[in-house]
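A.B. asks: Below is the structure, and that's it, no one-letter string:
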């Protein structure tokens, strides 16, 4: 008696969960931190990431916003969309939560939906308050900064660089970095992070 080959249909829950897990790790966020930002319990987030449950659209929307992506990106592994250009109008970049937000940074993400794993992130960063100490950042990949407005001193490792409009700075993201002193407001600069490829399990 012939045996019919068993067909393995891709699981929507597994694909969405894997995408969320990859994005969370890319942002160097723990499940507890993502839980705090989204209001979704740690247990539920763990089940979503491992494909053990189907999340509601409201839950997925909260997760997507916290990770700085559109909801469509969460489904990109399951049903990849065709390539297209992305046009972000002035002032319409998605405002997202990142480390440093509570210290006076405002992050507007200028591009998203780059596939199941982000290859790069371009941010417009605005700083208009010098009342708090600014954190030190580190992350995978490389970062490029281009100064648009204002003036600040930016630390990268043991060196500090005075940045004025038109200046740029490029460095490895794994080197501790961040604003050191803010001299002239308002401060606005572009920050483009280019990530290394993550090998899939």
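C.D. replies: Cool, the structure landed. It should be emphasised that the depicted structure is a prediction, and the values quoted were computed from it without experimental measurement. Numbers count the residues shown, from 1 in each chain.
A.B. asks: all contacts plus neighbour counts: C-alpha atoms, from now on.
C.D. replies: Will do.
A.B. asks: For this structure, just list every one of the strands.
C.D. replies: Listed from the start of the chain, the chain has strands (DSSP state E) covering 94-96, 105-109, 120-127, 142-156, 159-163, 168-172, 177-194.
A.B. asks: Looking at these, which is nearest to residue 32?
C.D. replies: Nearest to residue 32 among these is strand 94-96 (17.7 Å), distances taken as CA to CA.
A.B. asks: Now do the same contact list for residue 151.
C.D. replies: Listed by CA atoms under 8 Å, 6 or more residues apart in numbering, the contact partners of residue 151 are 162-165, 182-185, 187.
A.B. asks: Now stretch 183-195: buried residues?
C.D. replies: Across stretch 183-195, burial judged by 16 or more other CA atoms under 10 Å covers 187-195.
A.B. asks: pLDDT of that stretch, averaged?
C.D. replies: Model confidence over stretch 183-195 averages 93 on the pLDDT scale.
A.B. asks: Now do it: everything it contacts.
C.D. replies: Defining contact as CA under 8 Å, 6+ apart, one finds that stretch 183-195 is touched by 118-128, 140-153, 173.
A.B. asks: What's the PyMOL syntax to select whichever of those are buried?
C.D. replies: Applying 16+ other CA under 10 Å to those leaves a buried subset, and the PyMOL line that selects it is:
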select buried, resi 118+120+121+122+123+124+125+126+127+140+141+142+143+144+145+146+147+148+149+150+151+152+153+173
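A.B. asks: so where's the chain shaky on pLDDT?
C.D. replies: Regions of the chain meeting the criterion pLDDT under 70 cover residues 1-11, 78-84, 97-104, 113-117, 130-133, 198-201.
A.B. asks: Helices along that one, start to end?
C.D. replies: Ranges of helices within the chain are 12-26, 31-38, 42-49, 57-67, 71-74, based on DSSP state H.
A.B. asks: Relative to residue 91, which of these is closest?
C.D. replies: When the helices of the chain are compared (using CA to CA), the closest one is helix 57-67, at 17.0 Å.
A.B. asks: The closest one - contacts with which helices or strands?
C.D. replies: Judged by 3 or more CA pairs under 8 Å, 6 or more residues apart in numbering; DSSP states H and E, the packing partners of helix 57-67 are helix 31-38, helix 71-74, strand 94-96.
A.B. asks: So which of the ones you listed is nearest residue 110?
C.D. replies: Comparison of these against residue 110 by CA to CA identifies strand 94-96 as nearest, at 6.8 Å.
A.B. asks: Show me what the closest one pairs with in its sheet, parallel or antiparallel.
C.D. replies: strand 105-109 (antiparallel) (DSSP bridges).
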